[in-house]
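# just a sequence and a predicted model for now, questions to come.
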Amino acid sequence: MPNCFSISLMKPNLPPFCRTEPRPAGLSPPMAPRGPCAFEPRWSPALVCAKIIGGNTEGLPMKNAISSKAAFFAAGGFAAALFITGAAHAITDTLFRYSSPKVGYLSINNAEFAPESQLVEYSRTSSSLKLTVSDMGCFYATAHIPEGATLASLGLWYSKFDGTTFHLGFDALKQSTNSLINLVATEAASTGGARKFASFSLLNAKVDNAHLNYMLTICMESTTGENTLYDARITYTYNNAGD
């Protein structure tokens, strides 16, 4: 009896699923089966596999062939699975919302502070701001904080000598009335002239850039020593990727 593989269209190096199997029941070949194995070469699994590999499946009796619609729904199911698990929330949402708040920072270099008037005599370097005369002077800086963020704290790097003034303020200015909402208004503690860091609560205020703008105020004096502002940092939290 001839070997069944000898009359199939098996080719070398085909995938292992391309093996000779009986013709599916109910299919009518164009010609009568030949040989004891009753295979029709046109319907040979080897030929089917060869045509699949070649990208042409036209006219082949493939019940399990993957159609473009099946591929489309398979991809859709994958996207839906990601959505359900929360891994790809931004695929369908216009707003990516985190499951828990993230922490953000806004650093304010001393170079961003402007004196209240031209009468204030001061010196500035890339790392410090100080008065140059024995007097009081105030400086202001705008804080650009993301909309909807929650204000957590204001951090300050500074130095202050005993018996001097170093006033710190953080305010929200209401645009419609030009009135101030004080979030911080305090006197910084003495550091004995050493550079120190201090943190002040911002009361978990919600940022509303549509109606308010935010300003940091530093008022200091130089009498017994040179009080110095180095840098400031605002810590806030946010819940979505747009913040």
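Looks like it arrived, so ask away.
# so Gly169 sits against Ala188, correct?
No: taking contacts as CB atoms under 8 Å, Gly169 lies outside contact range of Ala188: 10.8 Å. Placement of C-beta: from N, CA and C, glycine included.
# what pLDDT does the closest residue to Arg195 other than its chain neighbours get?
In space, and not counting its chain neighbours, Arg195 is closest to Ser159: 5.0 Å by CB to CB, 6 or more residues apart in numbering. Note for Ser159: predicted pLDDT of 95.
# who's Ser159 bridged to?
Thr228 (DSSP bridges).
# going forward, count from 27.
In the new numbering, first residue 27, that becomes Ser185.
# which regions of this protein sit below the pLDDT cut-off?
Where the chain drops to pLDDT under 70, the residues are 27-121, 250-251, 268-269.
# can you map out the strands along it?
123-135, 140-141, 148-150, 155-157, 162-169, 176-185, 192-200, 205-213, 222-227, 238-247, 254-266 (DSSP state E).
# can you lay out those strands as a markdown table showing mean neighbour count?
Converted to a markdown table, these look like this (neighbours: other CB atoms under 10 Å):
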| stretch | mean neighbour count |
| --- | --- |
| strand 123-135 | 12 |
| strand 140-141 | 14 |
| strand 148-150 | 14 |
| strand 155-157 | 22 |
| strand 162-169 | 18 |
| strand 176-185 | 20 |
| strand 192-200 | 19 |
| strand 205-213 | 14 |
| strand 222-227 | 14 |
| strand 238-247 | 20 |
| strand 254-266 | 20 |
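# ok, the residue nearest to Arg221 touching Thr217?
Yes: between Ser185 and Thr217 there is a contact under CB under 8 Å: 5.2 Å.
# quickly list the domain ranges of the chain.
30-117, 127-266 (automatic domain parsing).
# quick one: end-to-end length of the longest one, please.
Going back to what we said before, that points to domain 127-266. With CA to CA, to the nearest Å as the measure, domain 127-266 spans 8 Å from end to end.
# equivalent analysis for stretch 230-247, please.
Note: stretch 230-247 ends 30 Å apart using CA to CA.
# returning to that earlier point: who are the contact partners of the residue nearest to Arg221?
217, 219-222, 253-254, 256 (CB atoms under 8 Å, 6 or more residues apart in numbering).
# one more time with 6 Å, if that's ok
Contacts for Ser185 (CB atoms under 6 Å, 6 or more residues apart in numbering) come out as 217, 219-221, 254.
# quick one: residues contacting Asn239.
Applying CB under 6 Å, 6+ apart, the residues contacting Asn239 are Leu199.
# quick check: bridge partners of it?
Leu199.
# relative to Gln201, how far out is it?
Look at Asn239 and Gln201: by CB to CB, to the nearest Å, they are 7 Å apart.
# ok, now Thr261?
Distance of Thr261 to Gln201, computed by CB to CB: 25 Å.
# what does Leu180 give?
Leu180 is 21 Å from Gln201, by CB to CB.
# likewise for Gly130?
Gly130 is 23 Å from Gln201, by CB to CB.
# got it, and Phe192?
Per CB to CB, Phe192 is found 29 Å from Gln201.
# do the same with Thr217
36 Å.
# looking at these two, which is more packed in?
Higher neighbour count among Thr217 and Gln201: Thr217, with 18 against 13, using other CB atoms under 10 Å.
# what's the closest non-adjacent residue to Ser248?
Using CB to CB, 6+ apart and skipping the chain neighbours, the partner closest in space to Ser248 is Leu157 (4.1 Å).
# partners of that neighbour in the sheet?
Under the criterion used (DSSP bridges), Leu157 bridges to Tyr148.
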